[in-house]
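Engineer: Okay, predicted coordinates and the sequence, questions at the end:
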Amino acid sequence: MRLKPILANPLLAVPALLALSGCNTGDYRLFHPLSQVAQVQWWATLFELGIMSLIIVPVTVLIAVFIWRYRKSANAKYDPSWSHSLGLEILVWAVPLVIVTICGIVSIRTTHAVDPYAPGVLAKAEAAQPPLDIDVITTDWQWLFIYPDQHVAAVDELVVPAGRVVHMRLTSSSVTNDFFIPGVAPMIDVMPGMRTEDTFDAPTPLSDTGFSADFSGAGFSWMQFELHIVPQGDFDTWVAKAAASPRQLTYTAFTQFAQPTVNEHATISYFANPTPQLFETVVGAAQAGVVYPVPDALTTSVASLEGGPVSAAATK
Amino acid sequence: MQVAIQGPWSPLFGRLTLASIPYHTPILIATFAGVAVIGLVIVGAVLYYNKLGYLWREWITTVDHKKIGVMYIILGLVMLVRGFADGLMIRTQQAMAIGPNSPGILGAQHGFLPPFHFDQIYSAHGTVMILFAATPILTGLTNVIVPLQIGARDMAFPYMNALSLWLTTAGAILVMLSLFVGDFSAAGWVGLIPLTELPYSPGVGVDYWMWAIQISSIGTTLNAINMIVTIIKMRAPGMSWFRLPVFTWTTLSTNIIGLTAFPVLGVALGLLGADRYLGAHFYTAGLGGNLMLYTNLFWIWGHPEVYFLVLPAFGIFSEIIPTFSEKPLFGYTTMVAATFAIAGISWAVWLHHFFTMAAGPDVNGFFSIATMLVGIPTGVKVFNWMFTLYRGRLTFATPMLWSLAGLFLLLAGGITGMMLAIPAINYSVHDSVFVIAHFHCMVLLIGAAMFAAVSYWFPKVFGIQLDERNGLMFFWTFIAATGIVFIAMFALGFEGETRRLAYIYDPAWRPMLWTEEAGMMLYIVSIGYFARMLYVSLRDRIPVPADPWGTSRTLEFLTHSPVPFYNFAVTPQVNARDELAWRRDHGLEKTQPDAFEVIHMPCNSAIPFIIGMLAMAFGFGLIWRIWWMFGAALLGIVIAVIIRSFDKNLGYEIQPEEVAAMERNLATAGIIAEQPARKPLTEAEAH
Ligand code: HEM
Ligand SMILES: [Cu+2]
């Protein structure tokens, strides 16, 4: 009986389990927030766990104690007439009300602090130096990062200079995805025909993986991208490398690129000279009904997803 | 009007071709063989023991709420096993397909399931578990118990009750059929939009998902109407509102949710149907459609739906904990208030399922607070159960163990739910397996309540004991498995694992994924104990008294076990909130009625079953775009409804002498007894 609260209350057991397994918490990406935005998120997590524990832990313990103490064989005091107590009943409404009020205040404040469009925590940093703009387009099933000011674009690789605030606009040429880099950038939906935004800071160099969190079809499990936060000098070198790519990102090139493709080995590639306003064009095209259909053959018998683009014409 | 579809179509067979039969998929062939063998054994046994007529007369055409409830539960348990098999395959695939060098078998590149097959499996898992396992089991339980708890003869509309059952069954059959004919949806149980649109899901999978839900949810809506009317109109004399057992209260609130929420789902899926069949643009990204319209509509149903499931579970705990604490429920009035508070708030929180869609911080803040408000009445309930234990005299039969385990699951699910309700936190765990772990705590709490209820009321309904030894083993293995699987899953959530991955790209997750797989093995053991529990109980058939637990408190334990088909020989007069406890305290629980009365009962009818099967054909025709089948089935349904409307059957009467005879020999009136053919009343007799 005593083990049960531990077994059944998984959250309380997480830290214990970690300690027991001698686990390297390095794998627990959310435990190691890097950006200021992620730090607020992690702080909110700990705060919420703490304040909820104020109520959950005593209740768990009390239930366990009552189960033990009032078992029939213990012959403890038995009072079948006790089923009502005005004071207690007021208390059982009041305690959760207080906790929820506190949580509510924290919720509102942190929501503003990490608002993907204009995070409160980054207001100062953004005022000091204009953010780096990046346009993100997801296709079935790759990431295209366009750097409008650097005139380059990268597939499945996101490189940003350390110390800068990054401001993204995101859209999709096919179905909905969800942009996420644990510990760095908060999640935001990426939707066709619509533009969303995401803002985060990249304080120190780091290499990590970002991915789509929202299921988008057969190639979804291979939809990761590399994240490299690098010193400014390395960033400039990288831009130069990308700019040297022979592939030019015209709209026609984009429509080729946007055909359903599983980038199984996460091959990174670059485009030079993205057409100005490509992002707006893609949003507009989706609104006008352009879709990149997934061929029936791909959905019915994907024995293997090996191989490059699956050919299917963009239809209107 | 027909939209362009990929692949062949013929007027006779629609989209159906030989290639729709997945004979090239070994897993499905094996499954089919298994299902075929089990099916043949059952059919063979029915024929061998010559029980076909019995099945038809006493079960398939029945309008008895207890039998309908039991069939709902059997349907739910079968689908629970199906859903579990799906879950096992999901876990096994993820335990195998880790890292780029992981091997693949059976045509998969990694693991044993190609992505499209895997996607179908997890989509089916969610759909089956929520709509075809949990919903029918809980509906079944309320069907069996609520009329007994309020001292009624049957539901308000017995015929409609049967219709609800057969519509739900039709939906379930369609889901099962998708295993062997065509595919199931690969776009999640929520039907992620615009993935469910024709360009991205060109096959019949989404259509299976859509029509199966659509048909079964008509059944659920009808059942909600039936339950509400039953509780309002059919209470025994003396059963005033504040004497209603809490399970009945929760059933009432749940069905108010059901009645108001399911039509929204109907509309959401109906508009998707317009997109897929008529080329409309309700939810497309382009041409004026709006994706978020679907997402909103779906969750306007979806969130109330989770409370639709959890409220009866709360009701079950509120019945069982007092019985095994030998005390009345603490704070009855606050409990009822909390129930309706939860039901009310559940309408105003749906947006928390997509905080990341980029609504502004004020919108998200509003829904965050609304969501957390649910925590208040939920907390009240936990406190009330806790104080019910206080100064009780606790015994730990399996129903009580399940209920207590459910409380701990509720605490774990509640704390994580409150975390998810904070947008700042949600932005880092939404669509991660942390969410999966959160709602599985809740859903397994509902599971615990279902098993609690089955072990609590089984002896009552069937008049025999449910084997306690295997029941205990079932309980402990199940709880241990739950602990192992879901602690590991919470950990994976913090490691950043997202849901619905057919291939695991980060090998760091391996230890936790393998831990989960070990937990799954333990679940298999627990299912074995469940089966053995049923087997031993049916083999030994140890009879039980009217109140098998000796400390039950509510009206259903007043009548005999097994419950006679007319429920109460004489409608009881209710004197107190916990009527049976009151009678026990006053030494009245054994009193017999002085005289019996004429009992008026409804006649059985084959029409609900026929309409159910026609509805299945209707769905099948739509799914495969076999228009003649769709039209013929629709016509058939209309004709059946017309025939029924002209049916002047007035039910039949049981004379007092016969009631007296059955009361002396209870086995003749129990749920499995075969009744003689009864003559319907003529109009003259009914005056
Ligand atoms: C009472 C029984 C409950 C059930 C059955 C339940 C079930 C669910 C389900 C099924 C989902 C995920 C849907 C999906 O994304 O596919 C979910 C998500 C969520 N639940 Fe619950 N829940 C319950 C209680 C609560 C409570 C008490 C809270 C908060 C106080 C809560 C807060 C949330 C939130 C915020 C999410 C959204 C998470 C996200 O997708 O990012 N739930 N719940
Ligand atoms: Cu919800």
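Structural biologist: Good, I have the coordinates. Ligands and ions are numbered 1, 2, ... in the order given.

Engineer: so where's the chain uncertain?
Structural biologist: No chain specified, so I'll use chain A. Applying pLDDT under 70 to chain A picks out residues A:1-26, A:297-316.

Engineer: Chain B is the one I meant
Structural biologist: For chain B, the ranges with pLDDT under 70 are B:1-2, B:686-687.

Engineer: Give me the most central residue, it.
Structural biologist: Against the mean C-alpha coordinate of chain B, by Cα atoms, centre = their mean, the closest residue is residue B:135 at 1.8 Å.

Engineer: Around ligand 1, which positions in chain B sit nearby?
Structural biologist: Neighbours of ligand 1 within chain B, by Cβ under 6 Å from any ligand atom: B:190, B:306, B:309-310, B:352-353, B:371-372, B:374-375, B:378, B:414, B:417-418, B:420-421, B:426, B:430, B:435, B:438-439, B:442-443. Placement of C-beta: from N, CA and C, glycine included.

Engineer: got the buried residues for stretch B:493-501?
Structural biologist: Using 16 or more other Cβ atoms under 10 Å in any protein chain shown as the burial criterion, the residues of stretch B:493-501 that qualify are B:493-501.

Engineer: How about whatever helix or strand residue A:159 lives in and chain B, touching?
Structural biologist: In this structure, residue A:159 sits in strand A:157-161 according to DSSP states H and E. No: Strand A:157-161 is not in contact with chain B by Cβ under 8 Å from any Cβ of the partner chain; minimum separation 15.3 Å.

Engineer: any idea of the angle the helix or strand where residue A:233 lies forms with strand A:157-161?
Structural biologist: With elements taken from DSSP H and E, the one containing residue A:233 is helix A:232-243. For helix A:232-243 against strand A:157-161, the angle by axes from the mean of the first three to the mean of the last three Cα atoms, to 10 degrees is 140 degrees.

Engineer: Which secondary structure elements does helix A:232-243 sit against?
Structural biologist: Under the contact definition 3 or more Cβ pairs under 8 Å, 6 or more residues apart in numbering or on different chains; DSSP states H and E, helix A:232-243 sits against strand A:152-155, strand A:157-161, strand A:269-272.

Engineer: Contacts made by the following helix or strand past the last one with the rest, please.
Structural biologist: Heading C-terminal from strand A:269-272, the first helix or strand you meet, by DSSP H and E, is helix A:278-287. With Cβ atoms under 8 Å, 6 or more residues apart in numbering or on different chains as the test, helix A:278-287 has contacts from A:135, A:137, A:146, A:148, A:169, A:171-173, A:192-195, A:249, A:251, A:254, A:275, B:285-287.

Engineer: returning to that earlier point: list the residues that contact the nearest residue to the residue nearest to the centre of chain B once chain neighbours are set aside.
Structural biologist: Leaving aside its sequence neighbours, residue B:135 sits nearest to residue B:220 (Cβ to Cβ, 6 or more residues apart in numbering or on different chains; 6.3 Å). Shown in contact with residue B:220 (Cβ under 8 Å, 6+ apart): B:135, B:139, B:164, B:168, B:258, B:262.

Engineer: Now do the strands in chain A.
Structural biologist: A:132-138, A:143-147, A:152-155, A:157-161, A:164-172, A:177-181, A:185-190, A:196-202, A:206-212, A:224-230, A:269-272 (DSSP state E).
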